[in-house]
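J.: pasting the sequence and the predicted model now:
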Amino acid sequence: MNIRPSAAIRQNYNEIADICRKTSEPVFLTKNGEGDLVVMDIETYSRREKMLKLREELLSIEEDRLAGRSGCTLDELDTYLDDVITEV
């Protein structure tokens, strides 16, 4: 976990951007010793958003399954997951 004071973003923007890109991890910024912001590169953010969307879809499908609603075949699921993984 990379934690920096909020002033670091003004003083060392390029350094923080490089850290985000190289590690694919967010940098946590503090203000007066308390957590304030999280900064990450756009690729990492996009990947996380896609993964969250996939998790939401899978949860919805599981809820449908538990409620007894019909689903899809294993082949259909395999094709769908291959497409989603390719996007990520």
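T.: Structure received.
J.: what's the spacing between the longest helix anywhere in the chain and its chain's center?
T.: Using DSSP state H to define each element, the chain has its longest helix at helix 42-66. Chain-centre distance of helix 42-66: 10 Å, with CA atoms, centre = their mean, to the nearest Å.
J.: for the helix or strand following it, packing partners?
T.: As assigned by DSSP states H and E, the chain's next helix or strand after helix 42-66 is helix 74-87. Using 3 or more CB pairs under 8 Å, 6 or more residues apart in numbering; DSSP states H and E as the contact test, the elements touching helix 74-87 are helix 42-66. The C-beta positions use only the backbone N, C-alpha and C, and glycine is treated the same way.
J.: tell me what angle the helix it packs on forms with helix 74-87.
T.: Orientation check (axes from the mean of the first three to the mean of the last three CA atoms, to 10 degrees): helix 42-66 against helix 74-87 gives 160 degrees.
J.: just want the most central residue of the chain.
T.: residue 48 (1.5 Å; CA atoms, centre = their mean).
J.: spatially nearest residue to that residue (excluding sequence neighbours)?
T.: Nearest in space to residue 48, with sequence neighbours left out and distances taken as CB to CB, 6 or more residues apart in numbering, is residue 40 at 7.9 Å.
J.: what number of residues lie near that neighbour?
T.: 20 (other CB atoms under 10 Å).
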